[in-house]
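Trainee: Sequence first, predicted model second:
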Amino acid sequence: MQCKNGDQCPCKSAVRRQEAVEAICNRISQLILRDAELIKSILLQSQQLDAQADQGLEQQLARARKQLALLSNRVHDLFEMSGEGTEDDRKEIKARLRDAQSQRNAAQSEVNRLQRAVDGTTNRMTVEQIRERLAEMSDLLSTAANGDLGEDAVYKTLAVFRALTGGQIWVQVEQRANRKRTNVRGTFRPQLLQAFSEPLPGANAPTAELVAVWLRKPPRLDLIAERVHQLIDVEGMSHREAAKQLQREGHNVNSGNVWYSYRRWYEMQGLEPPNVPYNNGKKRRPR
């Protein structure tokens, strides 16, 4: 995939479609499985939708019952008048009575239908149903990332993909200093809750934070930069501790690699790296 501006693009670059889609699918799948608050949010919205649906049906039922009462009174009044007046008057009253009775029967059927809907309809989902649906979505995306989807499942996955990303992924091309090869990242705002259930009318869904994904595998220095930042700045590890943790996660790095990646993270953010004290301010362990 290339920029639509072609040679006129100031950050000319190309991305392999399969690798880019695989990266996005894997990231969304991770978000679905790791978001502990997602099930609570979906459960709450399901309950609100259920309450709103019940309220709407109750209002329809009240209007139908009012109409039924009016028609019943009309039938009663016409029945009392049926024996009065001339023969032509009685014929007219009987015709009007049959028409009113017909309307009353139709109104009674509508009341019965709405009553059954109120008694038996619910949109509320259980925690197990939510977990099953989330797992299904995650499995579908993982299968798509591996390229194992059948023809029929492609369209279903495309709909899920668009819904979960909001149909928009911003592509950012970064020109690395003194390097020919560029870095390419995709940024999107996950729509996990909105994609799972219909939003409540008039309700504003919470805005999710932007998520960045490598659309093309970057050099190791850049690849581990985000993780290094988290280990040192968020979890307070030293460079050596961060290196050991990264080794446990499968990266062949040492504290020197961590130092470079730490500074690289700030460079990618357009910030000056802070002056971190030796060993992140931690005392050396006595030998």
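Mentor: Received, thanks.

Trainee: And T182, how close does it get to K4?
Mentor: Distance of T182 to K4, given as C-beta to C-beta, to the nearest Å: 17 Å. Quick note: C-beta positions are derived from backbone N, CA and C, even for glycine.

Trainee: Neighbour count: those two, which is higher?
Mentor: More crowded of T182 and K4, by other C-beta atoms under 10 Å: T182, with 16 against 7.

Trainee: what's the nearest residue to that one if we skip its chain neighbours?
Mentor: S13 (4.8 Å; C-beta to C-beta, 6 or more residues apart in numbering).

Trainee: Measure how buried that neighbour is and give me the count.
Mentor: S13: 18 neighbours (other C-beta under 10 Å).

Trainee: ok, it to L31 distance?
Mentor: S13 is 26 Å from L31, where distance means C-beta to C-beta.

Trainee: cool, G256 as well?
Mentor: Relative to L31, G256 is positioned 33 Å away (C-beta to C-beta).

Trainee: okay, these two: which has more neighbours?
Mentor: Neighbours were counted for G256 and for L31 using other C-beta under 10 Å; L31 has more, 16 against 10.

Trainee: Double-check that one against P190; I have them as touching.
Mentor: Yes - assessed by C-beta atoms under 8 Å, L31 is found in contact with P190 at 5.6 Å.

Trainee: Would you enumerate the residues in contact with the residue nearest to T182?
Mentor: S13 makes contact with 2-3, 173, 182, 184, according to C-beta atoms under 8 Å, 6 or more residues apart in numbering.

Trainee: Show the buried residues in these.
Mentor: 3, 173, 182, 184 (16 or more other C-beta atoms under 10 Å).

Trainee: Put together JSON lines for those residues, with distance to L70 and secondary structure on each row.
Mentor: JSON lines is the format used below for the buried ones among the contacts of S13 (distance: C-beta to C-beta, whole Å; DSSP: H, G, I helix; E, B strand; the rest coil):
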{"residue": "C3", "distance to L70": "67", "secondary structure": "coil"}
{"residue": "V173", "distance to L70": "69", "secondary structure": "strand"}
{"residue": "T182", "distance to L70": "74", "secondary structure": "strand"}
{"residue": "V184", "distance to L70": "68", "secondary structure": "strand"}
